[in-house]
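Chemist: Here's my sequence, what's the structure:
(one chain, ligands or ions: 1)
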Amino acid sequence: MDKKELPIGVFDSGMGGLTAVKELRDILPHEDIVYLGDTARVPYGSKSRETILSYAAEDLAFLKKVGVKFTIAACGTVSSVMARDNIFEDERSCGVIRPSVKTAAEVSKNKKIGVIATPASISSGNYERLLKELSPDIEVYSKPCPMFVPLVENGYVERGCIPAVEIAKEYLLPLKQAGIDTLILGCTHYPLLSGIISDILGDGVRLISSGAEAARHAQRLLGEKGLLSTKSGPGTLKLYCTDSADLFMENATHFIDLGGARAERVSLGE
Ligand code: DGL
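Modeler: Reported below is the predicted structural model:
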């Protein structure tokens, strides 16, 4: 098959990477997409670096076996933990951390940038390091938000949902007090909480969706390499997960309109 017509592969620990898929489908409607959500092992963000690296290697191997032209590690945790080694930062792949850091540094006016992500992402120190590398005068305010992924995975995302609002206030009010004008949603689950987050921080704080930024970065790279599909019809979406396909389908509808896409359960590491 012509390499241009191979699918784009996207993976995450669970559903969060579907925020990257949503953006991909908007900006590259003719591309076929293969998505893997490692739903049997989500969350990654509270696990050790070694465990996260071994899970990510299995996710990658699966997409390689399927055959993709480009891979997006649409998981802030995997991207952060691997950022120091520049894995997922070549012409065939990207993570979510570098594209979102670049955009945040570009759009922030007062150079006070907040980063919210999983505990593993924040403790990797890589969001802060990369922001400072881009511009040493940026002040970074980081906050791990361990309760956000369970809230999203369980559908507690609507504006006014009291438990979600209370937890979000606890995490976000210190960032508001610090005067940030830009907030990186460093976990790909978090855009589902955008309404709640904006209500707390106000309109003056720009939210950066790391999954959407990665999708736009992939579009640029594929364009530069002449690897965009030349098909004229709508691209297909194939979904794989490692836990129940029915559960996946049910939860995935919170993230994107699945159209006719079906999920299939697979075992990794075989
Ligand atoms: N979407 C993942 C991330 O971006 C979810 C976090 C997790 O698995 O803990 O970090």
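Chemist: ok, residue 119 touching residue 149?
Modeler: No. Using Cβ atoms under 8 Å, residue 119 is not in contact with residue 149, being 10.3 Å away. (Glycine included, C-beta is placed from N, CA and C.)
Chemist: These two: which is more packed in?
Modeler: Taking neighbours as other Cβ atoms under 10 Å, residue 119 and residue 149 compare with residue 149 leading, 24 against 15.
Chemist: Please identify which helix or strand holds the more buried one.
Modeler: In the assignment (DSSP states H and E), residue 149 maps to helix 148-153.
Chemist: Contacts for that helix next, please.
Modeler: Helix 148-153 has contacts (Cβ atoms under 8 Å, 6 or more residues apart in numbering) with 14-16, 42-43, 45, 116, 118, 157, 163-164, 167-168, 171, 187, 189-190, 192-193, 251, 254.
Chemist: follow-up on the earlier one: next, show the common contact partners of residue 119 and residue 149.
Modeler: Taking Cβ under 8 Å, 6+ apart as the criterion, residue 119 and residue 149 both touch residue 45.
Chemist: per-residue confidence averaged over the helix holding residue 149?
Modeler: The average pLDDT within helix 148-153 is 90.
Chemist: how deep is residue 47 tucked in, by neighbour count?
Modeler: Neighbours of residue 47 under the rule other Cβ under 10 Å: 19.
Chemist: Next one: it from the ligand, what distance?
Modeler: Note on residue 47: its distance to the ligand, by Cβ to the nearest ligand atom, to the nearest Å, is 8 Å.
Chemist: Wait, that residue touches residue 120, no?
Modeler: Yes. Taking contacts as Cβ under 8 Å, residue 47 lies within contact range of residue 120: 6.8 Å.
Chemist: can you pull out the helices in the protein?
Modeler: Along the chain, the stretches classed as helices by DSSP state H are 18-27, 49-66, 76-82, 97-107, 119-124, 126-134, 148-153, 162-178, 194-201, 210-224, 245-252.
Chemist: among the ones you listed, which is nearest the ligand?
Modeler: helix 76-82 (3.3 Å; Cβ to the nearest ligand atom).
Chemist: next one: that closest one to chain centre, how far?
Modeler: The chain centroid and the centroid of helix 76-82 are separated by 10 Å under Cα atoms, centre = their mean, to the nearest Å.
Chemist: how about the CA coordinates for that helix, as CSV?
Modeler: The C-alpha coordinates for helix 76-82 follow below in CSV (Å, rounded to 0.1, in the frame of the first residue of the first chain):
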residue,chain,number,x,y,z
GLY,A,76,0.4,13.3,28.6
THR,A,77,1.9,10.7,31.0
VAL,A,78,3.7,8.7,28.4
SER,A,79,4.8,11.8,26.6
SER,A,80,6.2,13.4,29.7
VAL,A,81,7.9,10.3,31.1
MET,A,82,9.6,9.8,27.7
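Chemist: So which elements touch it?
Modeler: The contact analysis (3 or more Cβ pairs under 8 Å, 6 or more residues apart in numbering; DSSP states H and E) places helix 76-82 against helix 49-66, helix 97-107, strand 112-117, helix 119-124, helix 126-134.
Chemist: and residue 234, what does it touch?
Modeler: Per Cβ under 8 Å, 6+ apart, neighbours of residue 234: 29, 30.
Chemist: measure it to residue 63 for me?
Modeler: 21 Å (Cβ to Cβ, to the nearest Å).
Chemist: tell me which parts of the stretch 101-250 of the chain are close to the ligand?
Modeler: 118, 121, 149, 187, 188, 189 (Cβ under 6 Å from any ligand atom).
Chemist: redo that, cut-off 8 Å
Modeler: 117, 118, 120, 121, 149, 186, 187, 188, 189, 190, 210, 211 (Cβ under 8 Å from any ligand atom).
Chemist: Quick check: the farthest pair among the residues you listed?
Modeler: Across these, no pair lies farther apart than 120 and 211, at 17.1 Å, counting by Cβ to Cβ.
Chemist: Neighbour count: those two, which is higher?
Modeler: residue 211 (31 against 24).
Chemist: mind listing what that one touches?
Modeler: Going by Cβ under 8 Å, 6+ apart, the list of residues near residue 211 reads 16, 17, 18, 19, 20, 21, 22, 23, 74, 96, 188, 191.
Chemist: now do residue 36
Modeler: Counted by Cβ under 8 Å, 6+ apart, residue 36 has contacts 9, 10, 11, 12, 59, 62, 63, 240, 241, 242, 266.
Chemist: Brilliant, that's me finished.
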